[in-house]
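**Q** sharing a model prediction with you, sequence too.
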Amino acid sequence: MASTLNPYINFKDNAREALEFYQGTFGGQLVLNTFGQYGDLDAPEANLIMHGMLDTPSGFTLMASDAPPGMPLDTGSTISISLSGDDDTELRGYWDKLTDGGSIEVPLEKQMWGDTFGMATDKFGTRWMVNIHGGA
């Protein structure tokens with residue numbers, strides 16, 4: 001098997017909601033495993049996501065989890081997830097869904113390098129960049 005590099009996002013108690021949102025955005029197969037499946041079913045964190053994985057029809061994989069109890073979660077702008085390609089309709093569709101309830105830092109529009117590019121933060125605090133090669 002070839003090596004892969006996948007984004008892995010940590011959330012504070014809302015990984016299930018975020019992953020279901022991303023599944024609604026990108027489609028695909030979502031597998032969720034809770035802390036309770038691998039530990040105490042009566043623990044307060046039993047229903048939180050220990051590991052979630054979304055495999056999309058476009059061929060990318062997004063992974064996420066809730067921060068386990070006692071683990072600090074620092075959110076911030078140190079990473080962005082970049083979506084790029086030449087399918088204008090597909091990428092604009094992702095953009096529209098990701099920005100719904102989020103904030104746009106750079107509108108999705110033609111840039112000086114000839115591509116259509118935008119940057120936004122979704123309603124879960126995840127930063128996204130969308131680049132449409134040669135886009136209109």
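**A** All right, it came through fine.
**Q** pLDDT below threshold where in the chain?
**A** Flagging of the chain using pLDDT under 70 yields the residue ranges 1-3, 75-78, 135-136.
**Q** show me how it divides into domains.
**A** 8-66, 80-132 (automatic domain parsing).
**Q** now distance to residue 72 and mean neighbour count too, for those, in a markdown table please.
**A** (Glycine included, C-beta is placed from N, CA and C.) Shown next, in a markdown table, are the domains of the chain (distance: least, CB to CB, whole Å; neighbours: other CB atoms under 10 Å):
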| stretch | distance to residue 72 | mean neighbour count |
| --- | --- | --- |
| domain 8-66 | 10 | 16 |
| domain 80-132 | 15 | 16 |
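**Q** determine which of the ones you listed approaches residue 74 most closely.
**A** domain 8-66 (9.2 Å; CB to CB).
**Q** chain center to the closest one: distance?
**A** 11 Å (CA atoms, centre = their mean, to the nearest Å).
**Q** quick one: end-to-end distance for that domain.
**A** 11 Å (CA to CA, to the nearest Å).
**Q** next one: residue 118 from residue 60, what distance?
**A** For residue 118, the distance to residue 60 equals 18 Å [CB to CB, to the nearest Å].
**Q** please apply the same query to residue 33.
**A** For residue 33, the distance to residue 60 - CB to CB - is 20 Å.
**Q** which residues does the nearest residue to residue 26 once chain neighbours are set aside contact?
**A** Spatial nearest neighbour of residue 26, excluding adjacent residues (CB to CB, 6 or more residues apart in numbering): residue 56 at 4.4 Å. Residues in contact with residue 56 (CB atoms under 8 Å, 6 or more residues apart in numbering) are 26, 27, 28, 62.
**Q** 6 Å instead?
**A** By CB atoms under 6 Å, 6 or more residues apart in numbering, the residues touching residue 56 are 26, 27, 28.
**Q** would CSV of these with distance to residue 88 and secondary structure be doable?
**A** Formatted as CSV, the contacts of residue 56 follow (distance: CB to CB, whole Å; DSSP: H, G, I helix; E, B strand; the rest coil):
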residue, distance to residue 88, secondary structure
26, 16, helix
27, 18, coil
28, 21, coil
